[in-house]
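**Student:** can't give you the sequence, but here's the structure:
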């Protein structure tokens, strides 16, 4: 089980809108898949939330550290990559790329053991988990229609984010959007609000966040996400102490060491590391376990691909209080690249994969339509 090949496959052409100030175009690359091939012919697959050009360059740096290594020792091999790149790109592109490699190594480890990944992460607390639809905010009338649509699709939890919220200096508009979302979703639907303060030139600070949190309480909001700039640790601590609704964040942080000051400051009620950015499953495990020690709930950020969703599902099974996963239903990067797309059950739940590794069967035709690298597609379709 020695590693003989490591490649990246960028996904292009159908990128969903992000709600960002500099909006994503369909032809932009925001996700890439990583494959790790062994001498025995087995292939593991991972996912990275980064422009494919950066992933390919990152692999050029990391590949000499990987070729010839064991493919079934993900924790040791990933730590080797971190330890040998302290002085170049630490926490940035290289950490993101290591995320994809690490997920692929865990996929291979599960396949080698003949076990689903969640069993190797310590055991399973559940065999299905509630999916929450992650959708953009709209003007109130359209917002009402959008949440009603996803409720009709079977979702029992919905997160609304970005869009005009907090960006027009109009608290009445912000409240009208949330009110409309609640009306469309229904009183018995979990509803979360994501301000998206990691957007470029976010205009608001602590006082806006406090006032908004008080408004959100009236609409039974399950958490208030990214209410402040990602670097505003002290303000997050004040917000969390005073907010009547739970405060969530952490998707922009990478590496477990970056999370410790946030935990020590008690700046979050819910931490949301992204497995496709933070360093992979190995780092996500350590962050989630550390969060448990501080009494902070772990629910991963998951605006990504089918591969990232599979990793999130396995991780949700491994932790007793991780009772939701983020799910972008209808995204081609989720639905079109697997042989059997995920579907919600009658309670709005997704099943945890039970096949070995990540439990995915990738679809060659779907991958070919979203990339321009037939050789890598051929390898990935064997994963």
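**Tutor:** Everything's here; your move. Just so it is clear, the structure is predicted and the values come from calculations on it, not from any experiment.
**Student:** just the helices in the stretch 101-250 of the chain please.
**Tutor:** 117-120, 140-152, 171-185, 206-217, 233-242 (DSSP state H, counting those that start in this stretch).
**Student:** pick the most deeply packed of these.
**Tutor:** helix 117-120 (a mean of 22; mean count of other Cβ atoms under 10 Å). From N, CA and C alone the C-beta is placed, and that goes for glycine too.
**Student:** avg pLDDT for that helix?
**Tutor:** Averaging pLDDT along helix 117-120 gives 96.
**Student:** and the spatially closest residue to residue 161 that is not a sequence neighbour, how many neighbours does it have?
**Tutor:** Distances taken as Cβ to Cβ, 6 or more residues apart in numbering place residue 194 nearest to residue 161, at 3.1 Å, with adjacent residues excluded. Neighbour count of residue 194, defined by other Cβ atoms under 10 Å: 29.
**Student:** contacting residues for residue 194?
**Tutor:** Neighbouring residues of residue 194 by Cβ atoms under 8 Å, 6 or more residues apart in numbering: 134, 159-162, 225-226.
**Student:** neighbour count added to those, as CSV?
**Tutor:** As requested, the contacts of residue 194 are exported to CSV (neighbours: other Cβ atoms under 10 Å):
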residue, neighbour count
134, 23
159, 25
160, 28
161, 19
162, 22
225, 25
226, 26
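**Student:** nearest to residue 53 among those residues?
**Tutor:** residue 162 (24.5 Å; Cβ to Cβ).
**Student:** so the closest one touches residue 199, yeah?
**Tutor:** Yes: between residue 162 and residue 199 there is a contact under Cβ atoms under 8 Å: 6.8 Å.
**Student:** list residues touching both of these two?
**Tutor:** With Cβ under 8 Å, 6+ apart as the test, residue 162 and residue 199 both reach 19-20.
**Student:** who's in contact with residue 190?
**Tutor:** Residue 190 touches 130, 132, 156-158, 222, 324, counting by Cβ under 8 Å, 6+ apart.
**Student:** swap the cut-off to 10 Å and go again
**Tutor:** With contact taken as Cβ atoms under 10 Å, 6 or more residues apart in numbering, residue 190 is in contact with 130, 132, 155-159, 220-223, 323-324, 348.
**Student:** closest to residue 140 out of the residues you listed?
**Tutor:** Among the contacts of residue 190, and counting by Cβ to Cβ, the member closest to residue 140 is residue 158, at 15.3 Å.
**Student:** the residue lying closest to the closest one once chain neighbours are set aside pairs with what?
**Tutor:** Nearest residue to residue 158 in three dimensions, chain neighbours excluded: residue 133, at 4.8 Å (Cβ to Cβ, 6+ apart). Beta bridges link residue 133 to residue 158, residue 327, judged by DSSP bridges.
**Student:** so residue 133 sits against residue 151, correct?
**Tutor:** Yes: the pair formed by residue 133 and residue 151 meets the contact definition of Cβ atoms under 10 Å, at 8.7 Å.
**Student:** between these two, what contacts are shared?
**Tutor:** By Cβ under 10 Å, 6+ apart, the residues touching both residue 133 and residue 151 are 157-158, 185, 189, 348.
**Student:** about what we covered before: dump the helices of the stretch 101-250 of the chain into a markdown table; add distance to residue 282 as well.
**Tutor:** Below are the helices of the stretch 101-250 of the chain laid out as a markdown table (distance: least, Cβ to Cβ, whole Å):
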| stretch | distance to residue 282 |
| --- | --- |
| helix 117-120 | 12 |
| helix 140-152 | 33 |
| helix 171-185 | 36 |
| helix 206-217 | 33 |
| helix 233-242 | 25 |
